[in-house]
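Novice: Pasted the sequence and its predicted model underneath.
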Amino acid sequence: MTKTKYAQVGVGGRAEFYYSALAKQFGQTSELVAFCDINQTRMNYANRLLVERYDYHAIPTYKSEKFDEMIENERPDVVIVTSVDRTHHKYIIRAMELGCDVISEKPLTVDEIKCQEILDAVKRTGRKLRVTFNYRYAPHNTKIRELIMRDTIGQVNSVHFEWLLNTQHGADYFRRWHRDKRNSGGLLVHKATHHFDLVNFWLGSQPQTVFAMGDLMFYGRENAEKRGVTTFYQRAHGSAYAKTDPFALHLEENPHLKNMYLDAEHEDGYQRDLSVFGDGISAEDTMGVMVRYKNNAIMTYSLNAYLPWEGFNVAFNGTKGRLEMKVVEQSYVNSGGDKALEGAVQGVTIMVFPQFDVPYVVDIDEGKGGHGGGDPVLLNDLFGEANEDPFHREASHLDGAMSILTGIAGNISIKTGLPVRVDELVQF
């Protein structure tokens, strides 16, 4: 069997999810041939993990400015993009221009201009671009798709979707590069791309009109001052005060985070442990969105990043009844522990309320692994021998675009106070 050759650009927190799978599970179908990043120390550490943790061999490394040279020398069939969100488009487009297919970590990109550039490049090059929406593959989320496809509650007319990030995971977005909307598009793009994709997937539709409100209402120095806080610090490392702050991240206490970030920051100045109550945060932590879909369904959506538990509630109102799901997830810090615990399910309940019959609980297969059990299934779909999928969970560049365009439209709406027509943002 001819192996598919993969190169990976960006070896930060999300990267190990992919390169560990290629090294450990999919050696018969796949070969990892190169790393590319702005930081040599971080690439060296990734190579160390390949050898010591995954019993693989070290692979060539290339600084980001040598991306073209990497493609020419290593001849990958596919480039995996796990860099900072605002740089996704650069590597996606250039990889396709150089003859490679691409797998992109979500979100596809952060604004409508970069999204258009990607869409144009797919047309121009004819290359394949996939976006890794692991939540689609979680058994409980697939079950919702199945129930709606089976007409269990009839035509879905409205959705109420509430996502809760807690003070461990939610706070983590405000310690690192995500806090700057120029890097991440804010949580309406970086995080909610998962959620908006799920609704597109569940309904079999696409967003038409978006209206949103949002603000920074908990994190940031000004909000802390309003609550009576008088002592502040820039970053946890080296701060005595941070030792008493439950929101602080202590890199030196976690060997993995120390190797990946603290020991690498001398190269690029990136600090992973900023105070969540510092200045310079431009991402919102409290957001509400209303969406009209092309099939005429309406969604109300809420995202808060400082709550006591992690997970989501979603309800679908249809012409034949109501469908509800509650999911409680394992809290985590990105790259702070076992990958299988990132978004792992602690509890899930699905209830169907028929219009004229007795409500009942829906049985589901319990998923194992990260993101509700979706991670292992996604990885097999990407790198293994994919099976026929009646639910069509594989996400294309169009799916990636439609998910972020809901959040991008929401960002525009927050800024202008006006509803935004999604079809006016890009041309497909």
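Specialist: Arrived safely.
Novice: So which residue is smack in the middle of the protein?
Specialist: Residue closest to the mean C-alpha point of the chain, counted by C-alpha atoms, centre = their mean, is Lys106 at 4.6 Å.
Novice: where's it relative to Gly185, distance?
Specialist: Distance of Lys106 to Gly185, given as C-beta to C-beta, to the nearest Å: 11 Å. To be clear about C-beta, it is placed using only N, CA and C from the backbone, and glycine gets the same treatment.
Novice: again with Gly373
Specialist: Taking C-beta to C-beta, one finds Gly373 at 27 Å from Gly185.
Novice: And for Leu203?
Specialist: From Leu203 to Gly185 the distance is 23 Å (C-beta to C-beta).
Novice: The two: who's more crowded?
Specialist: Using other C-beta atoms under 10 Å, the more surrounded residue of Leu203 and Gly185 is Gly185, with 26 against 19.
Novice: What residue spans form the domains of this structure?
Specialist: 4-133, 135-219+281-372+395-424, 221-268 (automatic domain parsing).
Novice: Redo those domains as TSV? Include distance to Glu388 and mean pLDDT.
Specialist: TSV is the format used below for the domains of the chain (distance: least, C-beta to C-beta, whole Å; pLDDT from 0 to 100):
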stretch	distance to Glu388	mean pLDDT
domain 4-133	17	97
domain 135-219+281-372+395-424	14	94
domain 221-268	38	97
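Novice: so which of those domains comes closest to Leu378?
Specialist: domain 135-219+281-372+395-424 (4.7 Å; C-beta to C-beta).
Novice: What's the end-to-end length of the closest one?
Specialist: 28 Å (C-alpha to C-alpha, to the nearest Å).
Novice: Equivalent analysis for stretch 201-216, please.
Specialist: 29 Å.
Novice: List the buried residues in it.
Specialist: Going by neighbour count (16 or more other C-beta atoms under 10 Å), the buried part of stretch 201-216 is 201-203, 205-212, 214, 216.
Novice: closest to Tyr293 among those residues?
Specialist: Among those, and counting by C-beta to C-beta, the member closest to Tyr293 is Ser205, at 4.3 Å.
Novice: Need the nearest residue in space to Met351, chain neighbours excluded.
Specialist: The shortest distance from Met351 to any non-neighbouring residue, by C-beta to C-beta, 6 or more residues apart in numbering, is to Glu324 (4.7 Å).
Novice: ok, the one you found - contacts?
Specialist: Glu324 sits next to 313-316, 349-351, 353 when contact means C-beta atoms under 8 Å, 6 or more residues apart in numbering.
Novice: Which members of those residues are classed as buried?
Specialist: 313-316, 350, 353.
Novice: ok, which stretches of the stretch 301-428 of the chain are helices?
Specialist: 370-383, 397-416 (DSSP state H, counting those that start in this stretch).
Novice: One more: the stretch 1-150 of the chain?
Specialist: In the stretch 1-150 of the chain, the helices defined using DSSP H, counting those that start in this stretch lie at 15-24, 40-52, 67-74, 88-97, 112-125, 139-149.
Novice: So what does the nearest residue to Gln271 once chain neighbours are set aside look like in phi/psi?
Specialist: Residue nearest to Gln271 in three dimensions, not counting chain neighbours: Arg235, with 5.3 Å by C-beta to C-beta, 6+ apart. Dihedral pair for Arg235: phi -140, psi 160, per degrees, to the nearest 10.
Novice: got a pLDDT number for Lys3?
Specialist: At Lys3, the model reports a pLDDT of 93.
Novice: so what's it closest to, chain neighbours aside?
Specialist: Nearest one to Lys3, counting by C-beta to C-beta, 6+ apart, is Glu31 at 4.5 Å.
Novice: ok, and what's touching stretch 164-171?
Specialist: Residues contacting stretch 164-171 (C-beta under 8 Å, 6+ apart): 173, 187, 191, 219, 246-247, 276, 285, 303-312, 331-333.
Novice: what about it, distance to the chain center?
Specialist: 14 Å (C-alpha atoms, centre = their mean, to the nearest Å).
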